[in-house]
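Colleague: what shape does this take:
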Amino acid sequence: MPKMLSGSRMFIAGSTGSGKSTLASHFVKASPQHAVIFNPKHTAAYKGLPGVNVIDDVKMAKIEKSIVKNKVTVLNLPAEYFDALPQDAILKYLHQKYENIMLVADELTTLHKGGRCFAGLKSVLTLGRELNQTFIGCTQRPAWLDQHVMSESEYYVCMYLKLARDRKRMMEEIGHPEIMEKIPKRWWFWKDDNDPQDRLRYFKPIPLK
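Modeller: Numbering: from 1, shown residues only. Predicted coordinates:
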């Protein structure tokens, strides 16, 4: 299995059921950092993580207490936080408050409006390295996202993508035409921008537990 360095960014693209959240959980579990997972779809994959605490509201005092006490804090955001701006405000606060932390967005489209992301997400992506803030962003629809989200990443994962325009967007960013192929669900391509050989590696599904 490949490794993710602390303070770096990972972009995971795949259709519903392709295994994005399971793979993100693997990297959260492997990280020594405390993690906060933005989980607007209430994906169940994160509930089994060691040291996890699931929060169903967005009171900052409750979130901060959970970060101190627990290895992983999962924010099962209320429906109104599907809007990008309230969710982005929480992300911006965490970016300004904490160093040496992992932040995970389980669905990046909910942090966008009209194809744009906002100050919180941009700050994490562009300034968070100096604070050793690690970021993992997952999405079903890479074609809908702000270019910042992809261009700031060091690691790229491409899983099964149903639509050709989403596969094309990934191919344009990664530069490997193999991405245009439809692959079985839960299998995944891996690209590390730090690899001097510019390899695209292909992996079997990781175990669900």
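
Colleague: contacts and neighbour counts: CA atoms only from here.
Modeller: Fine.

Colleague: output the below-cut-off pLDDT ranges for this structure.
Modeller: Along the chain, the model assigns pLDDT under 70 to residues 208-209.

Colleague: which helix is the longest one in it?
Modeller: helix 84-97 (DSSP state H).

Colleague: any idea how far N53 is from K182?
Modeller: In this structure, N53 and K182 are 36 Å apart, going by C-alpha to C-alpha, to the nearest Å.

Colleague: pick out whichever of these two has more residues nearby.
Modeller: N53 (20 against 14; other C-alpha atoms under 10 Å).

Colleague: what sits closest to the more buried one if chain neighbours are left out?
Modeller: Spatial nearest neighbour of N53, chain neighbours left out: T73 (5.0 Å); criterion: C-alpha to C-alpha, 6 or more residues apart in numbering.

Colleague: correct me if wrong, but the one you found is in a helix.
Modeller: No: under DSSP: H, G, I helix; E, B strand; the rest coil, T73 sits outside any helix and is assigned strand.

Colleague: ok, it - contacts?
Modeller: A35, V36, I37, V52, N53, V54, I55, I63, S66, I67 (C-alpha atoms under 8 Å, 6 or more residues apart in numbering).

Colleague: wait, which of those residues is closest to A84?
Modeller: Checking these against A84 by C-alpha to C-alpha gives I37 as the nearest, at 15.4 Å.

Colleague: before we move on, the earlier item: who does the residue nearest to N53 bridge with?
Modeller: V36, N53 (DSSP bridges).

Colleague: measure it to V52 for me?
Modeller: Counting by C-alpha to C-alpha, the gap from T73 to V52 is 6 Å.

Colleague: residues contacting A84?
Modeller: Counting by C-alpha under 8 Å, 6+ apart, A84 makes contact with T110, L111, H112, K113, C117, F118.

Colleague: hang on, the first one packs against D83?
Modeller: Yes: with contacts counted by C-alpha atoms under 8 Å, T110 reaches D83, the gap being 6.3 Å.

Colleague: and the two? Which one has more around it.
Modeller: Taking neighbours as other C-alpha under 10 Å, T110 and D83 compare with T110 leading, 21 against 15.

Colleague: next up, the contacts around the more buried one.
Modeller: P40, F82, D83, A84.

Colleague: with the residues you listed in mind, which one is nearest to Y202?
Modeller: Using C-alpha to C-alpha, these come closest to Y202 at P40, 29.0 Å.
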